[in-house]
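Novice: Quick check, what structure comes out for this input:
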Amino acid sequence: MMSNLFSIFDPSTNILNLSLNWLSTFLGLLFLPYSFWFIPNRHFFVWKFILFKLHNEFKTLLKNNYFQGSTFIFISLFSFIFFNNFLGLFPYIFTSTSHLSLSLSISLPLWLSFMLYGWINNYQHMFIHMIPQGTPSILMPFMVLIETISNIIRPGTLAVRLTANMIAGHLLMTLLSNMGSILPSYLIMFLIFTQILLLILESAVAVIQSYVIAILSTLYSSEVN
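Specialist: You can find the predicted model right below:
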């Protein structure tokens with residue numbers, strides 16, 4: 001049994017004093033260029049269909065902000081998080097998206113670029129967005145304060161949502177697997193069946209979280225203009 005339950009998320013494992021765990025972040029890139037070297041197969045067409053559907057959805061969400069190629073950043077964000085979440089379900093592969101250092105590194109620059117673009121190019125719209133239409137005059141200062149706080153914490157909520165969901169499922173699977181050594185033999189099959197169900201659930205969470213991050217980022221960008 002592990003001395004520390006959170007050791008599965010420890011990024012400090014090293015070989016020859018080199019921290020190699022974070023290299024798992026780039027494993028997903030190995031899946032991307034295969035379409036350029038092989039004859040297109042069913043996996044390629046399925047992935048192309050998914051990206052095409054995402055492109056249409058992001059294009060609809062962006063509305064007047066859409067221009068040719070503007071959905072690529074959100075499709076790339078979805079692909080990057082999806083591959084990292086999914087690969088983290090395999091044994092001995094470090095889940096980099098379970099750390100705030102990575103999730104904040106994604107959400108904070110993205111949100112900051114949206115804010116800088118909005119306040120520099122269209123500050124009147126940004127001010128108007130802080131006060132919902134029909135707000136009484138006496139409540140306007142409070143609404144500005146509330147909207148400002150909710151806007152500032154957006155990158156934090158994006159990062160914490162992704163990190164918390166990835167940590168929760170991994171911890172639950174680890175706790176159940178550690179019970180295998182103390183359970184009687186007739187309960188082992190039930191434990192294996194439960195682990196399989198949890199693995200399916202975590203696979204769904206990996207897809208859903210990458211989709212949620214991409215959708216929310218698209219919605220935040222559509223508000224700046």
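Novice: Check which residues of stretch 93-112 are buried.
Specialist: 94-99, 102-104, 106-107, 110-111 (16 or more other C-beta atoms under 10 Å). Glycine gets a C-beta too; all of them are placed from N, C-alpha and C.
Novice: would a markdown table of these with distance to residue 139 be doable?
Specialist: Below are the buried residues of stretch 93-112 laid out as a markdown table (distance: C-beta to C-beta, whole Å):
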| residue | distance to residue 139 |
| --- | --- |
| 94 | 48 |
| 95 | 44 |
| 96 | 43 |
| 97 | 39 |
| 98 | 40 |
| 99 | 40 |
| 102 | 39 |
| 103 | 34 |
| 104 | 33 |
| 106 | 35 |
| 107 | 30 |
| 110 | 31 |
| 111 | 26 |
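Novice: ok, so of these, who is nearest residue 198?
Specialist: Residue 198 has its nearest neighbour among these in residue 95, at 14.8 Å by C-beta to C-beta.
Novice: and the nearest residue to the closest one once chain neighbours are set aside, backbone torsions?
Specialist: Distance criterion C-beta to C-beta, 6 or more residues apart in numbering; nearest residue to residue 95, sequence neighbours excluded, is residue 88 at 3.0 Å. Main-chain dihedrals, residue 88, degrees, to the nearest 10: phi -70, psi -10.
Novice: what do you get for residue 136?
Specialist: phi -60, psi 150.
Novice: pLDDT score for it?
Specialist: The confidence metric pLDDT takes the value 75 at residue 136.
Novice: Same check on residue 70?
Specialist: 80.
Novice: The nearest residue to it once chain neighbours are set aside: what's it in contact with?
Specialist: Excluding its sequence neighbours, the residue lying closest to residue 70 (C-beta to C-beta, 6+ apart) is residue 62, at 6.2 Å. Residues in contact with residue 62 (C-beta atoms under 8 Å, 6 or more residues apart in numbering) are 70-71, 218, 221-222.
Novice: hmm, try it at 10 Å
Specialist: 70-71, 74, 218-219, 221-222, 225 (C-beta atoms under 10 Å, 6 or more residues apart in numbering).
Novice: Please indicate which of these are buried?
Specialist: The buried subset of these - by 16+ other C-beta under 10 Å - is 71, 74, 218, 221-222.
Novice: Mind listing what's buried along the longest helix anywhere in the chain?
Specialist: Longest helix in the chain, counting residues (DSSP state H): helix 185-222. Using 16+ other C-beta under 10 Å as the burial criterion, the residues of helix 185-222 that qualify are 198, 202, 205-206, 209-210, 212-218, 220-222.
Novice: Greatest separation within the residues you listed: which pair is it?
Specialist: Greatest spacing in these, by C-beta to C-beta: 198 and 222 (35.6 Å).
Novice: what about the residue nearest to the spatial centre of the chain, distance to residue 91?
Specialist: The residue lying closest to the centre of the chain (C-alpha atoms, centre = their mean) is residue 210, at 4.1 Å. Between residue 210 and residue 91 the computed distance is 21 Å (C-beta to C-beta, to the nearest Å).
Novice: Equivalent analysis for residue 156, please.
Specialist: From residue 156 over to residue 91 (counting by C-beta to C-beta), the distance is 31 Å.
Novice: Contact partners for the residue nearest to the centre of the chain?
Specialist: 77-86, 97, 162.
Novice: Filter the residues you listed down to the ones in helices?
Specialist: 77-86, 162.
Novice: and which of those residues is nearest to residue 129?
Specialist: Distances from residue 129 to those, taken by C-beta to C-beta, are shortest for residue 77, at 23.0 Å.
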